[in-house]
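Chemist: How does the following fold in three dimensions:
(one chain, ligands or ions: 4)
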Amino acid sequence: MFWLLLLIFKFIQSPSLIDAQSQQLNTSIWMEQLLPQIGHLHLYDITLPGTHDAASFIITSALSPDPAGDPFLDDIIKIAEQFGIPVQDIIIPWAESQNRTLFEQALDGMRYFDLRAAYNGSDWFSYHFDLGLPIIKHLAGLQKFLQTHSSEILIIEVSHFAATNLTKDDLNGLRKIIMDLLSQWLYPRSDNFITINEMIEKNQRVIVTFSDDETIENFPQLWPASTMINSYANSDKVDQMIAYNQKQVENFNAILSLPKNALYKLSWTLTPQTSTIIESILGGKIKSLKELANIGNLRLSSFARPFQAKRMKLCQILLIDFQETSNIMPVIFRSILNN
Ligand SMILES: *[C@@H]1O[C@H](CO)[C@@H](O)[C@H](O)[C@H]1NC(C)=O
Ligand SMILES: *[C@@H]1O[C@H](CO)[C@@H](O)[C@H](O)[C@H]1NC(C)=O
Ligand SMILES: *[C@@H]1O[C@H](CO)[C@@H](O)[C@H](O)[C@H]1NC(C)=O
Ligand SMILES: *[C@@H]1O[C@H](CO)[C@@H](O)[C@H](O)[C@H]1NC(C)=O
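Modeler: Ligands and ions are numbered 1, 2, ... in the order given. Coordinates of the predicted model:
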């Protein structure tokens, strides 16, 4: 009898069965479908998939204001002058880091969104070197997703505010856009996340973090920037990125007592450097962030497997560029079904 049970147990855990199970899942309602496995857990117990620079699927040709200055952007402008190439021809291939709207990303399974906001003097936009669409449009897409998917949870990190002479009023305006569109679903800040089932039952299915503590001081519906524990390799070399993330995952698994109100991010992203751009102009093979991202994305699954075989978690939020060409969802499903 014992051996029979052991055999069944082994069969249940077999990787091929997990893969077959994960192929049956529908990415737009995967949390709902996996509630029997994850409902009693907290967000910090699982790994959520998400997008880095989520909103940069469309960028305009308007440079974003950034008084702090971005040395990388300054380099691009210098390179453009040196090579006599229009600045936008250099920026755009390296600024687009996704190719689906936030609504479509949510349908694809993404549950975390890195939303960076710039103020042009009258409105708030997403940006990545250049401005993108109005923040209101991005959030309206996620609002539509929440309205049509009643058991899915989203995390939205609003950060990297860029503007010339940003005022308190401007920041309050951004907070108002968020509150107007999402307040009915906001899970207020707390010292201890409730379970996934509880978040869904209360219909408090959205965590929004806002990177200015003063602006949200009297708005407990919003979470501080410190909720997100960030890391990224800042390298365009895939082996360096993998070695960095190997350490991150090992360190994460060595933490004895994880915080109950914060989430660790793992960035499966390659970051172009000034040399990457120069090489692309001089005839190198990599001409865009999409091509760079694909090099990393191809390695994600094999990176994750040894950890998953040891029942180690990767992190709490796994973020990626060009998610639609990656296999992040099978990796996430394997992590969840494995446990
Ligand atoms: C996934 O679920 C959504 C929402 O229930 C549904 O509209 C869609 O048709 C499903 N897709 C597949 C491939 O079953
Ligand atoms: C985005 O998708 C469209 C349509 O599928 C495609 O034509 C375009 O090349 C894609 N752009 C990037 C940067 O991937
Ligand atoms: C900000 O962008 C909007 C939309 O493009 C435009 O109408 C407005 O004039 C811009 N504001 C400033 C101060 O440039
Ligand atoms: C920003 O503020 C500085 C100092 O007050 C001022 O000189 C500058 O004109 C302002 N810029 C804009 C775009 O308002």
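Chemist: What residues does the protein have near ligand 2?
Modeler: Residues of the chain found near ligand 2, taking C-beta under 6 Å from any ligand atom as the criterion, are 96, 99, 290. In this view, the C-beta of every residue, glycine as well, is placed from N, C-alpha and C.
Chemist: wait, which of the residues you listed is closest to Thr215?
Modeler: Distance to Thr215 across these (C-beta to C-beta) is lowest for Glu96, with 29.1 Å.
Chemist: isn't Leu133 right next to Phe125, touching?
Modeler: Yes. Contact between Leu133 and Phe125 holds when scored by C-beta atoms under 8 Å: they sit 6.7 Å apart.
Chemist: When these two are compared, which one has more neighbours?
Modeler: Between Leu133 and Phe125, counted using other C-beta atoms under 10 Å, the more crowded position is Phe125 (24 against 19).
Chemist: So the more buried one, which state does it fall into?
Modeler: Secondary structure state of Phe125, per DSSP: H, G, I helix; E, B strand; the rest coil, is strand.
Chemist: For the residues of the chain next to ligand 2, pick the one with the most neighbours.
Modeler: Scoring the residues of the chain next to ligand 2 on neighbours with other C-beta under 10 Å, the highest-scoring entry is Glu96 at 22 neighbours.
Chemist: Let me know whether it touches Ile59 as I believe.
Modeler: Yes. Glu96 is within contact range of Ile59, at 6.3 Å (criterion: C-beta under 8 Å).
Chemist: what's the overlap in contacts for the two?
Modeler: Both Glu96 and Ile59 are in contact with His128, where contact means C-beta atoms under 8 Å, 6 or more residues apart in numbering.
Chemist: could you dump the residues of the chain next to ligand 2 to CSV with pLDDT?
Modeler: Putting those into CSV (pLDDT from 0 to 100) gives the following:
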residue, pLDDT
Glu96, 96
Asn99, 98
Lys290, 98
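Chemist: among the residues you listed, which are in helices?
Modeler: The members of these that map onto helices under DSSP state H are Lys290.
Chemist: Gly141 contacts Met110, doesn't it?
Modeler: No. At 11.6 Å, Gly141 does not count as touching Met110 under the criterion of C-beta under 8 Å.
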